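K.L.:
the following comprises the amino acid sequence and a computationally predicted model.
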Amino acid sequence: MTEAPSGVPESARHLFDALPERVSLYEVGPRDGLQNEAVVLPTDKKVELIEGLADAGLRRIEITSFVNPRWIPALADHMEVATSVRRRPDVRYSALVPNMRGLDGASRAGMEEIAVFLAASETHNRKNINKSTDEALATYRTVVAEALRRGMRVRGYVSCVYGCPYEGPVAVEAVLRVTRELVDMGVYEVSLGDTIGVGTPRQVQFVLERLLDAGVAREQLAVHFHDTRGTALANIVVALEFGISTIDSAIGGLGGCPYAPGASGNVATEDVVFMLQGMGVETGVDLDALATLSVRLSGYLGRELPSKYLKAHVGHCSRVGVPV
C-alpha cells in the first residue's frame with residue numbers, strides 16, 4: 001500500500017481500511033425498477049433482462065412481485081416471469097410477497113426465496129400496504145413462519161429508514177423496532193431502504209451504529225439507497241466502512257416508489273460496480289456486459305436511464321466510434 005503523504009492526519013491514514021474484499025450486489029431492477037415504469041415491459045423482455053443480469057455476473061436477483069395486479073399492473077405477469085426464467089444453479093432468485101396469497105403464488109412458481117416489506121413509518125405502511133405497522137408485522141409473522149416451514153429463505157425490507165414522504169424524519173427507534181421484529185421472525189437479512197433518497201453519510205453512520213449497538217449483526221443487514229439527491233454512493237461507502245457487504249442496486253438506476261411521491265430511482269448497479277472496482281472491492285460483475293444490457297433496456301423502455309456510468313460509457317463509445 002502506498003504510504004500516506006506527510007501532513008495527512010493519522011485518522012485519514014486508515015480511511016477505507018475496513019472495506020470488505022468482496023461485496024454481494026442484490027439486483028432489484030426487474031422488480032423494484034420496473035414496477036413504476038410508464039412503459040410496461042413485455043414478459044419475454046423481462047425474462048431476457050433477468051437472464052442477462054445473471055450472465056453479467058449478478059448472483060442475487062429479485063425478479064418480480066407476487067402482489068395483486070391492481071396494486072402494481074406492471075408486474076401482473078409475475079407467474080409467467082418466474083416460471084419462464086432459465087434458472088442458473090449459481091444464482092439466487094427471489095420475489096416480493098405481501099401476504100399468504102403471494103407466498104402461495106411464489107411457491108407454485110418454484111421460488112426458493114421471498115422478501116417481505118414494510119416501512120419504519122406508520123403512515124407509509126397505511127398508504128403502501130393498507131396496514132398499520134402492527135398489522136403488517138402480524139401478517140409477516142405468519143407468512144415468514146410458513147415460508148420457512150416450506151424450506152424457503154426470507155429477506156426483509158424496511159423502507160423510509162431516513163425519512164418518510166408523509167411524516168418527514170423517522171425516529172431511529174422505529175427503524176430498530178421493525179428490524180429486530182423481522183430478525184426475530186427468522187428473516188436472514190434486512191435491507192435498510194432510503195425510499196425517498198434523503199439520507200446522508202452521517203445519518204447512515206448514526207442508524208448503523210444504533211442497530212449494531214443493539215445487537216443486530218452486520219451480516220444481517222443490507223443497504224438500499226435511492227439516488228434522489230445524489231448521496232447514494234457516499235452513503236454506500238459509509239455502510240461498507242461498517243462492514244455491511246450487501247448492497248441493493250438496480251440496473252441503469254431504474255426505480256421509484258409509487259407510494260413515495262418524488263422518489264427517483266435506485267442507485268445504479270453500473271455506478272456501484274464502477275466505484276467498487278476502482279476501490280479494489282470485488283463484485284463479480286462484468287461492467288461492459290452490464291452496460292450493454294442497460295443500453296438495450298433503455299431502448300425497450302424508450303428513455304435514457306439515469307446511471308451516470310452508463311451516460312459516460314455511451315458518450316465515450318460514441319466519440320471513439322465503438323458500438324454500444
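P.N.:
Yep, it's here. What you are looking at is a predicted structure, and each value in this text was computed from that prediction instead of being measured.

K.L.:
mind listing the strands for the chain?
P.N.:
For the chain, the strands defined by DSSP state E occupy 24-27, 60-65, 92-96, 113-119, 153-159, 189-194, 221-225, 246-249.

K.L.:
may I see the ones you listed organised as a markdown table, with mean pLDDT and mean neighbour count added?
P.N.:
The C-beta positions use only the backbone N, C-alpha and C, and glycine is treated the same way. Formatted as a markdown table, these follow (pLDDT from 0 to 100; neighbours: other C-beta atoms under 10 Å):
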| stretch | mean pLDDT | mean neighbour count |
| --- | --- | --- |
| strand 24-27 | 98 | 24 |
| strand 60-65 | 98 | 26 |
| strand 92-96 | 98 | 23 |
| strand 113-119 | 98 | 24 |
| strand 153-159 | 98 | 24 |
| strand 189-194 | 98 | 25 |
| strand 221-225 | 98 | 26 |
| strand 246-249 | 98 | 26 |
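
K.L.:
nearest to T83, of these?
P.N.:
Judged by C-beta to C-beta, the one of the strands of the chain that comes nearest to T83 is strand 60-65, at 10.4 Å.

K.L.:
phi, psi of G57?
P.N.:
Main-chain torsions, G57, degrees, to the nearest 10: phi 110, psi 0.

K.L.:
test my guess that it contacts L287.
P.N.:
No. Checked against C-beta atoms under 8 Å, the pair G57 and L287 is beyond contact range at 9.0 Å.

K.L.:
quick one on the thing from earlier: got the strands of the chain as CSV, with distance to L310 columns?
P.N.:
Putting those into CSV (distance: least, C-beta to C-beta, whole Å) gives the following:
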stretch, distance to L310
strand 24-27, 15
strand 60-65, 19
strand 92-96, 24
strand 113-119, 26
strand 153-159, 25
strand 189-194, 21
strand 221-225, 17
strand 246-249, 13
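
K.L.:
for H316, which of these is the nearest?
P.N.:
If we rank the strands of the chain by C-beta to C-beta, the stretch that ends up nearest is strand 246-249, at 21.6 Å.

K.L.:
ok, that closest one: who's next to it in the sheet?
P.N.:
If you go by DSSP bridges, strand 246-249 pairs up with strand 24-27 (parallel), strand 221-225 (parallel).

K.L.:
may I see the ones you listed organised as CSV, with distance to A174 added?
P.N.:
CSV is the format used below for the strands paired with strand 246-249 (distance: least, C-beta to C-beta, whole Å):
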stretch, distance to A174
strand 24-27, 23
strand 221-225, 16
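
K.L.:
of these, which is nearest Q277?
P.N.:
Closest among these, using C-beta to C-beta: strand 24-27, at 11.7 Å.

K.L.:
hmm, who's touching the closest one?
P.N.:
53, 58-62, 191, 222, 245-251, 269, 272-273, 283, 285 (C-beta atoms under 8 Å, 6 or more residues apart in numbering).
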